[in-house]
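Engineer: From the sequence below, what's the structure:
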Amino acid sequence: MDFVGLTEVNKDWRRVDTDNTVWAATSGRTEAWRIQTSNNKTLPPQAEFHVGGTLSMYFNELSYRISARGCDDWNLGHWSWSELNGIGNHPTLIVTVYCPVVSSSPSSCYSQHLTYMAMNSSLPDTDPLHTPGNITCPRQLFGYDHK
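Structural biologist: Model (predicted):
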C-alpha cells in the first residue's frame, strides 16, 4: 500500500490531542510516510469532532516524490492534494475530495458551508475568498472549484 485517501474524517485537527492524531498513530511505521489533511478552518476550533474533511497518506516511494501539497483555498475541507514528480519530472496530481451532502442540520458540513458563503458573499470580487453571487449552494461552490 502506497496511498490512502479518506473522506469525511470528521476531525478538526487543531483540537485533536497530539497522542491521538493520525501522525502519532502512524509514527511507528518503518517506511517513509507523509500526511496531508483538510478540514473547515473558517471557524474557531471548538471540538475534536467536526463534520467533513479529508486525509491523504503517502507511503514508501510516493512520499519522496511529493513536490507540493495543500488543501482547498476556501479552507472548508473540500480536498487535500499533493503533486508528485514522476519519472522524467512528469507531474501527477492526487486529490482526495469531500463534497458536502444536503442537510438541514445546523451542525452539518452543508450548513457550515452555507454560513461561510453568506459571510463572504459581500467581499470584493478581487478577494480570493469572495463567494460568487450566482452560487447559492455549497455543492455549487464545490463544483465551481472544479471547472
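
Engineer: any weak-confidence spans in this structure?
Structural biologist: The model of the chain has pLDDT under 70 over residues 1, 128-130, 145-147.

Engineer: Counting residues, which helix of it comes out longest?
Structural biologist: Secondary structure assigned by DSSP state H gives helix 109-120 as the longest helix of the chain.

Engineer: starting at the chain centroid, how far to that helix?
Structural biologist: For helix 109-120, the distance from its own C-alpha centre to the chain's C-alpha centre is 16 Å (Cα atoms, centre = their mean, to the nearest Å).

Engineer: What is it packed up against?
Structural biologist: In terms of contacts (3 or more Cβ pairs under 8 Å, 6 or more residues apart in numbering; DSSP states H and E), helix 109-120 is packed against helix 138-144. In short, each C-beta sits where N, CA and C put it, glycine included.

Engineer: outside of the helix it packs on, which residues touch it?
Structural biologist: 74, 76, 78, 99-100, 102, 109-110, 113-114, 117, 131-132, 135 (Cβ atoms under 8 Å, 6 or more residues apart in numbering).

Engineer: And it, what's buried?
Structural biologist: Buried residues in helix 138-144, counted by 16 or more other Cβ atoms under 10 Å: 138, 141-142.

Engineer: Could you do stretch 16-24 as well?
Structural biologist: By neighbour count on 16+ other Cβ under 10 Å, the buried set for stretch 16-24 is 16, 22.

Engineer: just how off-centre is that stretch within its chain?
Structural biologist: On the basis of Cα atoms, centre = their mean, stretch 16-24 is displaced by 17 Å from the centre of the chain it belongs to.
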